[in-house]
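K.L.:
My questions concern the predicted model and sequence given below.
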Amino acid sequence: MNDDNHLLPDDEAELHAYVDGRLDAERHAAVRARLAGDEGAAARVRAWSQQRHALRTLHPEMLQEPVPAHLLQAAMQLDRRSSRFARWQRWGGMAAAVLLAFGLGWGGHARWDAVTGVRGNGPVAFVHQATAAYAVYLPEVRHPVEVEATQQQHLVQWLSKRLNRQLKVPNLAAAGYELVGGRLLPGDNSRARAQFMFQNAAGERVTLYIGAVDAAGAKGMDETAFRFTDERSIASFYWVDQGFGYALSGKLPRQTLLVLAEAVYKQL
């Protein structure tokens, strides 16, 4: 039986589907029986379930807010194509946008693109996803990362395998930031994303978001040229290098974040 930190990709995908309620009755029963005899896998499933619940309760007050007009219009367009508007009305507001952003699995990306208006896998969509990922995991106290910095070697090997590219974790100690750990996230077209989180002594966090970016989407953007964006007080510097996108995000002044981005870029 696989241990908690060495799940095979197929095993991990099935456990994610179990947590998300996407297995048929037969497979659900089989996984449940397996978890009864595999404490490592059971512990990971419990952690994922807690994260799922945290996402649903991240901003409960927003569930009481009316759906913004432009999101309602987008949802109506989705309804005409997929008859899923009733589900969107039940979720309501921006809380639904957060849930759709991550889909609590791999199934919600087409709807998220339609709701946000950010389509494709170009740099603009990429940095938007990076900002959303930062916003979701920034407030986490018990589970800010999936694999902690104490298992850095395993973390890098695992994420490198899933992204099909040898990854490096930059050392930001000179700037006062230490690695907290990292996690695997879903991207467009069922492609994986990696997120590394760093934190300083004051508790300020920045995240480095990494993943493949379509060549067509990056057309017109100079390779390795920094771009800056600021969404809802979350600043990000992002760039593309050899088909891969990188986005460093944090609630920091632009110049401070730029210094960190330059340090990251020099080490990757």
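P.N.:
Received it, and whenever you're ready, just let me know what you need. Residues are numbered from 1 along each chain as shown.
K.L.:
Low-confidence bits of this protein, can you list those?
P.N.:
1-10, 52-121, 189-190, 215-224 (pLDDT under 70).
K.L.:
any idea where the helices of it begin and end?
P.N.:
9-20, 25-36, 39-56, 69-82, 85-91, 93-102, 109-116, 123-137, 152-163, 254-267 (DSSP state H).
K.L.:
between the third one and helix 9-20, what angle do the directions make?
P.N.:
Direction vectors for helix 39-56 and helix 9-20, defined by axes from the mean of the first three to the mean of the last three Cα atoms, to 10 degrees, enclose an angle of 50 degrees.
K.L.:
Can you dump the C-alpha atoms of helix 39-56 in CSV for me?
P.N.:
Only the C-alpha atoms of helix 39-56 are listed here, as CSV (Å, rounded to 0.1, in the frame of the first residue of the first chain):
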residue,chain,number,x,y,z
GLU,A,39,-4.0,5.4,7.5
GLY,A,40,-1.7,7.5,5.4
ALA,A,41,-4.1,7.8,2.6
ALA,A,42,-7.0,8.4,5.0
ALA,A,43,-5.1,11.2,6.7
ARG,A,44,-4.5,12.9,3.3
VAL,A,45,-8.2,12.5,2.5
ARG,A,46,-9.2,14.1,5.8
ALA,A,47,-6.8,17.0,5.1
TRP,A,48,-8.3,17.5,1.6
SER,A,49,-11.8,17.4,3.0
GLN,A,50,-10.9,20.1,5.5
GLN,A,51,-9.5,22.2,2.7
ARG,A,52,-12.7,21.7,0.7
HIS,A,53,-14.8,22.8,3.7
ALA,A,54,-12.5,25.8,4.2
LEU,A,55,-13.0,26.9,0.6
ARG,A,56,-16.7,26.7,1.0
